[in-house]
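Participant: Pasting a predicted model and its sequence here:
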Amino acid sequence: MSQAKAALQLEPAVETQQSAEQVISNVAVSALTGTIASRLSSTLPTTEPSQQIARAIAPLTAAPPLARPRRDQTSSNFQARVPVVTGEATFRGWMTVDGIISGQLGANGSALAIKQRPHGGVSGPELTGELHFKDMLRINGHVACKVKSPKGTLIVDGSALVDGDIEVAAVVISGRVNGDVVAQERVELGAAAVINGNISTRMLTMKPGAIFQGDCRMLKHESSAD
C-alpha cells in the first residue's frame with residue numbers, strides 16, 4: 001500500500017527565518033538609534049567618527065512627514081454669514097440663496113437650514129414678502145417684508161434694514177426702518193435707529209442720536225374693564 005501524501009506542507013525554514021530576522025533587525029535599529037546617538041555624543045564629543053555616525057543615524061531618527069488634510073472644495077468651504085432672521089416665524093414670499101440649503105420641504109411639516117455666503121457691497125433684500133411670528137423675532141439683515149405679530153416682540157438689529165410696515169406688540173429698533181411702525185405696547189429707538197415713517201404706540205422711548213422722520217400718534221391705554 002502506498003503511503004498517503006501530506007495535505008499540508010511546511011514552507012522552507014530558511015525564507016521564514018530570513019524574513020523574521022529582517023523584521024527584528026529593523027525594529028532593533030529604530031529602537032536603539034536614540035540610545036546609540038546619545039552615548040556617542042557623550043563619549044566622543046569632539047572626534048570626527050562620532051560626527052559621521054551621527055550623520056548616518058539622523059535619517060533614521062527623522063519623523064516621517066505628516067500628510068496634509070484634504071480640503072473639500074464642494075461642501076460648505078466658506079464661513080456662513082449671520083441669518084437674516086433669528087426666531088420662529090411664518091414666511092410667505094421669496095428669497096435669494098447663495099449658499100447651501102439642507103433639510104426637507106413638504107406640505108406637512110418641513111424645515112430648512114440655509115447657510116448663506118458672505119456678500120460684499122450693496123445687495124437687495126434677502127427676504128421679500130410677509131413675516132408672521134408669535135413670541136419674539138430678531139431681524140439681522142435686509143428684508144422687504146410686512147412684519148406682523150399681535151403679541152410678539154420684534155428686535156431690529158443695528159445692521160438690519162426693514163423695508164415695510166411693522167405691526168407688533170413691542171419693537172426695539174437699533175437699525176433702519178422704511179415704513180410705518182404700529183406697536184400696541186411700546187417702541188424703543190436706539191441711538192443708531194433711523195425711522196422713515198409714522199409711529200403709533202402707547203409708549204415711545206428714544207435715545208440721543210435716533211432719527212425719526214414722520215408723525216407720531218399715541219394710542220390710548222385700554223381700560224381695566226376691558
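Facilitator: Cool, the structure landed.

Participant: Give me the neighbour count for Gln213.
Facilitator: One way to gauge burial is a neighbour count; for Gln213, by other C-beta atoms under 10 Å, it gives 9. For the C-beta atoms, the positions are set from N, CA and C on the backbone; glycine is no exception.

Participant: Got the phi and psi for it?
Facilitator: Backbone geometry at Gln213, expressed as degrees, to the nearest 10, gives phi -120, psi 100.

Participant: residues touching it, list them.
Facilitator: 195-197 (C-beta atoms under 8 Å, 6 or more residues apart in numbering).

Participant: out of these, which are buried?
Facilitator: Burial of those was assessed by neighbour count (16 or more other C-beta atoms under 10 Å); the buried members are 195, 197.

Participant: Just the contacts of Gln213: which are in helices?
Facilitator: With helices taken from DSSP state H, there is no overlap with the contacts of Gln213.

Participant: ok, so of the contacts of Gln213, who is nearest Gly158?
Facilitator: For these, the residue nearest Gly158 by C-beta to C-beta is Ile195; the value is 13.7 Å.

Participant: Which residue comes closest to the closest one once chain neighbours are left out?
Facilitator: For Ile195, ignoring the flanking residues on the chain, the nearest one in space by C-beta to C-beta, 6 or more residues apart in numbering is Phe212 at 4.7 Å.

Participant: rewinding a little: got the contacts of Gln213 as a markdown table, with distance to Trp94 columns?
Facilitator: Listed next are the contacts of Gln213 as a markdown table, based on distance: C-beta to C-beta, whole Å:
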| residue | distance to Trp94 |
| --- | --- |
| Ile195 | 26 |
| Asn196 | 24 |
| Gly197 | 24 |
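
Participant: and which of the contacts of Gln213 is nearest to Gly129?
Facilitator: Comparing the contacts of Gln213 against Gly129 with C-beta to C-beta places Gly197 closest, at 18.9 Å.

Participant: What count of nearby residues applies to the residue nearest to Ala183 when sequence neighbours are not counted?
Facilitator: Of all residues beyond its chain neighbours, the one nearest Ala183 is Thr201 (4.4 Å), with distances taken as C-beta to C-beta, 6+ apart. For Thr201, the number of neighbouring residues by other C-beta under 10 Å comes to 22.

Participant: State the distance from Phe212 to Leu204.
Facilitator: Using C-beta to C-beta, to the nearest Å, we find Phe212 at a distance of 9 Å from Leu204.

Participant: more neighbours, those two?
Facilitator: Of the pair Phe212 and Leu204, Phe212 is the one with more neighbours under other C-beta under 10 Å, namely 20 against 17.

Participant: Now do the contacts for His142.
Facilitator: In this structure, His142 makes contact with 84, 123-126, 160-161, 163, judged by C-beta under 8 Å, 6+ apart.

Participant: pLDDT check: weakest of the residues you listed?
Facilitator: When these are compared by pLDDT, Ser123 scores lowest at 69.

Participant: Tell me how far Ala193 lies from Arg92.
Facilitator: Between Ala193 and Arg92 the distance is 27 Å, computed by C-beta to C-beta.

Participant: neighbour-wise, which of the two wins?
Facilitator: Comparing Ala193 with Arg92 by other C-beta under 10 Å, the one with more neighbours is Ala193, at 22 against 10.

Participant: which regions of the protein sit below the pLDDT cut-off?
Facilitator: When the per-residue scores of the chain are filtered using pLDDT under 70, the ranges that remain are 1-81, 107-109, 118-123, 222-226.

Participant: and the longest strand for it?
Facilitator: strand 127-139 (DSSP state E).
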